[in-house]
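> model the following, please.
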Amino acid sequence: MTLVLDSGGVSMLAGNRARLQELRRRDEWPPVVPAAVLTEALMGDHRQDFHENHLLRLCEITPVDEPLARAAAALRNAVGGHRTPSAVDALVVALADRLGGATVLTGDPKDVRRLAAHATRAVRVGAI
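Numbers count the residues shown, from 1 in each chain. From the prediction side, this is the model:
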């Protein structure tokens, strides 16, 4: 099973060795992280970002290309409503969809589930 992390997933896993070991044991490692997630997950100071940077070195960081950005925009539009999910959350779900369906580990399962409901493939949502 492929894992995709959003910023909440990165932050929560960075300090949770037991969960990291569990994911490795279940052969669900390494996760994929869209590069845009780093903007939300990091502070830009290596001292403050120590644990997150350590985790991210173990992940596959994927660039955001035009087709992925367009797919994310379509997901945001499909959700609509008064409270549109963030562009970064939409990128995370669009990447999970592109990967043939994956599990997104998130700190914000509500918005990610709303986006995942409009994905082409089965995108599962797991809270950390």
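> got the residue ranges for the helices in this protein?
In the chain, the helices defined using DSSP state H lie at 7-14, 17-25, 37-41, 50-56, 66-79, 87-98, 109-116.
> dump the ones you listed into a markdown table; add mean pLDDT and distance to V123 as well.
Every residue, glycine included, has its C-beta placed from N, CA and C. As requested, the helices of the chain are exported to a markdown table (pLDDT from 0 to 100; distance: least, Cβ to Cβ, whole Å):
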| stretch | mean pLDDT | distance to V123 |
| --- | --- | --- |
| helix 7-14 | 95 | 14 |
| helix 17-25 | 92 | 18 |
| helix 37-41 | 97 | 16 |
| helix 50-56 | 96 | 22 |
| helix 66-79 | 97 | 10 |
| helix 87-98 | 98 | 4 |
| helix 109-116 | 96 | 4 |
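> most neighbours per residue, which of these?
With neighbours defined as mean count of other Cβ atoms under 10 Å, the helices of the chain peak in mean count at helix 87-98, which reaches a mean of 26.
> what's it packed up against?
If you count contacts as 3 or more Cβ pairs under 8 Å, 6 or more residues apart in numbering; DSSP states H and E, helix 87-98 packs onto strand 3-5, strand 32-34, helix 37-41, helix 66-79, strand 103-106, helix 109-116.
> need the contact partners of the last one.
It refers to helix 109-116. Residues outside helix 109-116 that contact it (Cβ atoms under 8 Å, 6 or more residues apart in numbering): 6, 75-76, 79, 85-86, 89-90, 92-93, 96, 104, 106, 123-127.
> try it again at 6 Å.
Applying Cβ atoms under 6 Å, 6 or more residues apart in numbering, the external contacts of helix 109-116 come out as L75, V79, P85, D89, A90, V93, V104, T106, V123, V125, A127.
> also stretch 85-99?
Contacts of stretch 85-99 (Cβ under 6 Å, 6+ apart): 2, 4, 6, 34, 36, 40, 64, 68, 71-72, 75-76, 79, 102, 104, 111-112, 115-116, 119-121, 123.
> still on that earlier bit, and which of the contacts of helix 109-116 is nearest to F50?
Nearest to F50 out of those is T106 (Cβ to Cβ; 22.2 Å).
> next one: that closest one, what pLDDT does it get?
Looking at T106, its pLDDT reads 95.
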